[in-house]
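In: Pasting the sequence and the predicted model now:
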Amino acid sequence: MGAVEGKVALITGAASGIGLATAQLFAYEGAQVAMFDRNADLVHETARDIGPSALPISGDVTSEEDVEQMLAACVAQFGRLDIGFNNAGIAGAAPIHDHELGHFQHVIDVCLTGVFLCLKHQSKQLIAQGEGGSLINTASINATQASKGLAAYCSAKAGVAMLTRVSALELGEHGIRVNAIGPGHTQTPMTERARDVEGFDEAMIGATPLGRLGEPEDIAQMALYLGSDASPWVSGQLFYVDGGITVNELPPGFNLLESSLRRPRSD
Ligand SMILES: NC(=O)c1ccc[n+]([C@@H]2O[C@H](COP(=O)([O-])OP(=O)(O)OC[C@H]3O[C@@H](n4cnc5c(N)ncnc54)[C@H](O)[C@@H]3O)[C@@H](O)[C@H]2O)c1
């Protein structure tokens, strides 16, 4: 029996990267999966590849009307909701003194307001069903780790982490668990441009204890754990899935101490 056998999952940003890998894993593990994405062609194509257990829905997480329709389509097709994975997101970098208001607001709209709208309508559905459920939000290591050029993205992801905690506090009495995942640098279309920057991959890998970049499947496995009945007493948490990179909070120079302190002192 699959880890999410018989459950209904709704995944946003499901046409690509982390969302797609999660839709594939959930379907493989026995769930019926509603796949929501603003890329209509791609979400239909990828859902077709998964098969009859996948329902493609096109729309934008920043539109409350689209999010309501997403829930309605999921429930009309599969009869209920058990798991929401609020994962759609965008990035984009600009220094703060040159950050266009429109860009800043757009990143906040997609990455933070979009998660709020999904939580709002998913929790309504779960409360009405009266059987609990699991809601999972994609944050980032940037929820707590500042990066130059990512004022909007870091702010949005920090907001997602706090929204997760508030939602867990409010929804616990309904048996609804709410958690967030903080991926490290993961190889998806979103990060393609960063990977083109010379030396970037090497620097990331060098700072990662497990010595490699993330794959979408690494993140999907955490979503599976949080969505399944294997995590019944887990709520309100932000889980980093990052090869250990967030352990490296001090400048790389500090790691030189490892070899220098190993030498016995002569004085
Ligand atoms: N890849 C990484 O290194 C990384 C690291 C930390 C966090 N994340 C987060 O993981 C999530 C998934 O990112 P990914 O790397 O898989 O990127 P991706 O670009 O491969 O996938 C994102 C998907 O979201 C969809 N989307 C974007 N805006 C949308 C909107 N307004 N409405 C509906 N769908 C929308 C896109 O069409 C796309 O299919 C994002 O929230 C991202 O911030 C990614």
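Out: Yes, it's here. These numbers were taken from a predicted model, which means no experiment stands behind them. Numbers count the residues shown, from 1 in each chain.
In: who's in contact with the residue lying closest to residue 238 once chain neighbours are set aside?
Out: Distances taken as Cβ to Cβ, 6 or more residues apart in numbering place residue 180 nearest to residue 238, at 4.5 Å, with adjacent residues excluded. Quick note: C-beta positions are derived from backbone N, CA and C, even for glycine. Residue 180 is in contact with 136, 137, 138, 139, 143, 160, 161, 164, 237, 238, 239, counting by Cβ atoms under 8 Å, 6 or more residues apart in numbering.
In: State the pLDDT value of the residue most central in space within the chain.
Out: Nearest to the mean C-alpha position of the chain, by Cα atoms, centre = their mean, lies residue 138 at 2.1 Å. Note on residue 138: pLDDT of 99.
In: from now on call the first residue 21
Out: Will do, 21 is the new start, and the previous item becomes residue 158.
In: shouldn't it be in contact with residue 110?
Out: No. Assessed by Cβ atoms under 8 Å, residue 158 is found out of contact with residue 110, at 11.7 Å.
In: Secondary structure element for residue 42, which one?
Out: For residue 42, the host element (DSSP states H and E) is helix 37-48.
In: and the helix or strand following that helix, what does it pack onto?
Out: Where DSSP H and E defines the elements, the next helix or strand beyond helix 37-48 is strand 52-57. Under the contact criterion of 3 or more Cβ pairs under 8 Å, 6 or more residues apart in numbering; DSSP states H and E, strand 52-57 touches strand 28-32, helix 37-48, helix 60-70, strand 74-78, helix 84-98.
In: strand partners of strand 52-57, parallel vs antiparallel please.
Out: Counting by DSSP bridges, the strands paired with strand 52-57 are strand 28-32 (parallel), strand 74-78 (parallel).
In: closest to the ligand out of these?
Out: strand 28-32 (5.8 Å; Cβ to the nearest ligand atom).
In: what mean pLDDT does that closest one have?
Out: Strand 28-32 comes out at a mean pLDDT of 99.
In: which residues sit against it?
Out: Residues contacting strand 28-32 (Cβ under 8 Å, 6+ apart): 39, 42-43, 46, 51-57, 81, 90-91, 94, 98-108, 134, 138, 142, 247.
In: Now the buried members of these.
Out: Buried members of the contacts of strand 28-32, counted by 16 or more other Cβ atoms under 10 Å: 39, 42-43, 46, 51-57, 81, 90-91, 94, 98, 101-108, 134, 138, 142, 247.
In: can you tell me which residues contact residue 42?
Out: Listed by Cβ under 8 Å, 6+ apart, the contact set of residue 42 reads 31, 34, 105, 107, 236, 239, 240, 243, 244.
In: Likewise for residue 275?
Out: residue 268.
In: Tell me the spacing between it and the ligand.
Out: The gap separating residue 275 from the ligand is 23 Å, by Cβ to the nearest ligand atom, to the nearest Å.
In: And for residue 219?
Out: Taken as Cβ to the nearest ligand atom, the span from residue 219 to the ligand is 17 Å.
In: Check what pLDDT that residue gets.
Out: Per-residue pLDDT puts residue 219 at 92.
In: Residue numbers of the stretch 71-220 of the chain in contact with the ligand?
Out: 80-82, 107-110, 130, 134, 158, 160, 203, 205-206, 208-211 (Cβ under 6 Å from any ligand atom).
In: okay, the strands paired with strand 52-57, which one's buried deepest?
Out: Comparing those by mean neighbour count (mean count of other Cβ atoms under 10 Å), strand 28-32 comes out on top with a mean of 28.
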